[in-house]
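Enquirer: Here is my input, please return the structure:
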Amino acid sequence: MDTIHFAELSSAIPDPRLRAAARRDPLFDGLSEQLGAAVPLKPKTGTSGEPSSEWLDAIKVRRTRDIRLDTLAAIRSWDLLSAEQLAAFVGDERVAGSRSPAVAELLEVGAAGVVPRPTLRGDRLRVVRWTGDRRVERLVEPALTKSEWISTFGGIPHVGRGPASARPMLAAELGLRIAEFCEVEAVLPAVHSGITNIDGGPIHSLEMLHGDLTLVRGDGLRVVVELVTSSSPAVQMKVERWARYAHQRQRSDTGVVVVFVAVDQVGAEVSRSVAPQLRNIVKRASKLWPGAWQDPTSSRLLVGEWRRWFPERLAASPGFLPLEAEVLGSAGEFVERALLDPSDVTFDPGPDFDALGVTERAATLRATPHWLRRAPAKPSWPESVKALGLQRLPQPHAAALRIGVPRGAAGQVRAPWRIE
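Expert: A predicted model of the protein is given here:
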């Protein structure tokens, strides 16, 4: 199979030290193996038992505020990252070193922990994981503006993903590689890949369904990625749930397709690959939930293979750039399609569907790769207020606000939470 080394591909990352060619390969270099539970340092706490205010004081320093919030958002959203991956998301090589205050402070306050690696040592090989300590979020929240809070936490509570496994690290690496080399508008982590976050439609019974990451194409198509390492009953159930979702919600109303990526261990024989079993699982689920005739479920559930995209260490096949995967054809056989080619995997959004809304929101999230971000648009109301000759929004006297008077069991009516 022809391969192209990452160093030979056109990269979207300005700093060569942060590119995929300069990072360790999670599979080939063994970073995704021997993952134990994250071990947080003993948190520095004040007399109240809360994390020390030293970290909060550091967050308030404007000069280093962004790098600290970017680091916090990346670890919290991707759950488990190598130091090199974290630096790539943040956009600062210094984050990969042991002297990085942005990482050290999160370890000290107990927000993140170091995953022990018996055989792999070194700062750049360090693996960090979010501990799920909500005290840190409560501590930093009052110090942030509304836009900073949304860009850091996304308005979504953190949900633990169980024991440490390779999936979050592999998902992060795949997201970084796709964002660096492929034509996509956004790359979202699992915490932002819930179906109610990317669908845009009404909340329904499948609201807990989510992928390992989501890619957004230029036309707004959402490609949900599920990494699959086995054909266990849990995997079969997950495929069937996605099939039921595709059966109930058409592509024109959701913009969602799903690719299940088979991930085999390095050196595993082709005959023992999980891909053939995965194809059979997708085939059965598509028959169980066939969908609409003009938008069949089988056209929205695809099967990809990690080893076909990345057959060698730090190298890709030509099929990686358009993200070639297989879809069940009308004759019952799997045929190849390019996920990033609008003529191969079509998307015609309905008249009431905001196809590009998720792209605009994703660009403001600190958990996305740094080169895909942009600052949120400044509000226009300050200029309108100045045009009226005012310095600030007029506020009526408190005595005139009759709506604030509580009635019955209701409390005092206040201004909207976190209003700026």
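
Enquirer: make it CA atoms for all contacts and neighbour counts henceforth
Expert: Fine.

Enquirer: Okay, buried residues for the helix or strand containing Lys238 please.
Expert: Per DSSP states H and E, Lys238 falls inside helix 233-248. Within helix 233-248, the residues that qualify as buried are Val235, Gln236, Lys238, Val239, Glu240, Arg241, Trp242, Ala243, Arg244, Tyr245, Ala246, His247, counting by 16 or more other C-alpha atoms under 10 Å.

Enquirer: what's it in contact with?
Expert: 206, 209, 228, 258, 281-282, 285-286, 289-292, 296-297, 300-301 (C-alpha atoms under 8 Å, 6 or more residues apart in numbering).

Enquirer: Helices along the stretch 1-150 of the chain, start to end?
Expert: Counting by DSSP state H, counting those that start in this stretch, the stretch 1-150 of the chain has these helices, from start to end: 53-59, 62-78, 83-90, 101-108, 134-140, 146-153.

Enquirer: Dump those to JSON lines, plus mean neighbour count.
Expert: Shown next, in JSON lines, are the helices of the stretch 1-150 of the chain (neighbours: other C-alpha atoms under 10 Å):
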{"stretch": "helix 53-59", "mean neighbour count": "16"}
{"stretch": "helix 62-78", "mean neighbour count": "21"}
{"stretch": "helix 83-90", "mean neighbour count": "27"}
{"stretch": "helix 101-108", "mean neighbour count": "21"}
{"stretch": "helix 134-140", "mean neighbour count": "15"}
{"stretch": "helix 146-153", "mean neighbour count": "19"}
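
Enquirer: out of those helices, which comes closest to Glu269?
Expert: For Glu269, the closest of the helices of the stretch 1-150 of the chain is helix 83-90, at 28.6 Å, according to C-alpha to C-alpha.

Enquirer: by contact count, what packs against the closest one?
Expert: helix 62-78, helix 166-181 (3 or more C-alpha pairs under 8 Å, 6 or more residues apart in numbering; DSSP states H and E).

Enquirer: Export these as JSON lines, with columns for distance to Leu356 and mean pLDDT.
Expert: As requested, those are arranged in JSON lines below (distance: least, C-alpha to C-alpha, whole Å; pLDDT from 0 to 100):
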{"stretch": "helix 62-78", "distance to Leu356": "22", "mean pLDDT": "87"}
{"stretch": "helix 166-181", "distance to Leu356": "17", "mean pLDDT": "95"}
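
Enquirer: can I get these in TSV with distance to Asp264?
Expert: Converted to TSV, the helices and strands packed on helix 83-90 look like this (distance: least, C-alpha to C-alpha, whole Å):
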stretch	distance to Asp264
helix 62-78	21
helix 166-181	12
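
Enquirer: With respect to Gly154, which of these lies nearest?
Expert: Nearest to Gly154, of all the helices and strands packed on helix 83-90, is helix 62-78, at 8.9 Å by C-alpha to C-alpha.

Enquirer: Please state the offset of the helix holding Lys238 from the chain centre?
Expert: For helix 233-248, the separation from the chain centroid amounts to 21 Å (computed by C-alpha atoms, centre = their mean, to the nearest Å).

Enquirer: After it, which helix or strand is next?
Expert: Counting by DSSP H and E, the element after helix 233-248 in chain order, helix or strand, is helix 251-254.

Enquirer: ok, and what's touching that next one?
Expert: Residues outside helix 251-254 that contact it (C-alpha under 8 Å, 6+ apart) are Ile198, Asp199, Gly200, Gly201, Val257, Asp295, Phe347, Asp348, Pro349, Gly350, Asp352, Phe353.

Enquirer: repeat that for 6 Å
Expert: Asp199, Asp348, Pro349, Gly350, Phe353 (C-alpha atoms under 6 Å, 6 or more residues apart in numbering).

Enquirer: wait, what's in contact with Ser193?
Expert: His210, Gly211, Leu213, Thr214.

Enquirer: And it, its phi and psi?
Expert: When read as degrees, to the nearest 10, the backbone of Ser193 gives phi -100, psi 20.

Enquirer: How many neighbouring residues does Gly389 have?
Expert: 9 (other C-alpha atoms under 10 Å).

Enquirer: Can you give me the pLDDT of it?
Expert: As predicted, Gly389 sits at a pLDDT of 83.

Enquirer: May I ask you to confirm that it belongs to a strand?
Expert: No: according to DSSP: H, G, I helix; E, B strand; the rest coil, Gly389 belongs to no strand; its state is coil.

Enquirer: Tell me both backbone torsions, phi and psi, for it.
Expert: Here is the backbone geometry of Gly389 (degrees, to the nearest 10): phi 80, psi 20.

Enquirer: Could you shift the numbering so residue one becomes 490, and keep it that way?
Expert: Fine by me, first position is 490 from now on; the one you just mentioned is Gly878.

Enquirer: what are the ranges of the strands in the stretch 790-909 of the chain?
Expert: With strands called from DSSP state E, counting those that start in this stretch, the stretch 790-909 of the chain shows them at 790-794, 804-805, 813-817, 823-827.

Enquirer: Please indicate which of those strands has the most neighbours on average?
Expert: strand 790-794 (a mean of 26; mean count of other C-alpha atoms under 10 Å).

Enquirer: what's the angle from that strand to helix 722-737?
Expert: 140 degrees (axes from the mean of the first three to the mean of the last three C-alpha atoms, to 10 degrees).

Enquirer: Please produce TSV containing the strands of the stretch 790-909 of the chain, extended by distance to Ile556 and mean pLDDT.
Expert: Listed next are the strands of the stretch 790-909 of the chain as TSV, based on distance: least, C-alpha to C-alpha, whole Å; pLDDT from 0 to 100:
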stretch	distance to Ile556	mean pLDDT
strand 790-794	35	97
strand 804-805	30	97
strand 813-817	35	97
strand 823-827	36	97
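
Enquirer: and of the helices and strands packed on helix 572-579, who's closest to Gly878?
Expert: Per C-alpha to C-alpha, nearest to Gly878 of the helices and strands packed on helix 572-579: helix 551-567, 30.5 Å.

Enquirer: contact partners of that closest one?
Expert: With C-alpha under 6 Å, 6+ apart, helix 551-567 has contacts from Ile548, Val579, Ala591, Trp619, Thr641, Pro678, Val680, Arg855, Ala856.

Enquirer: For Gly599, state which of these is nearest.
Expert: Trp619 (8.8 Å).

Enquirer: if I look at that closest one, how far off is Ile556?
Expert: The gap separating Trp619 from Ile556 is 17 Å, by C-alpha to C-alpha, to the nearest Å.
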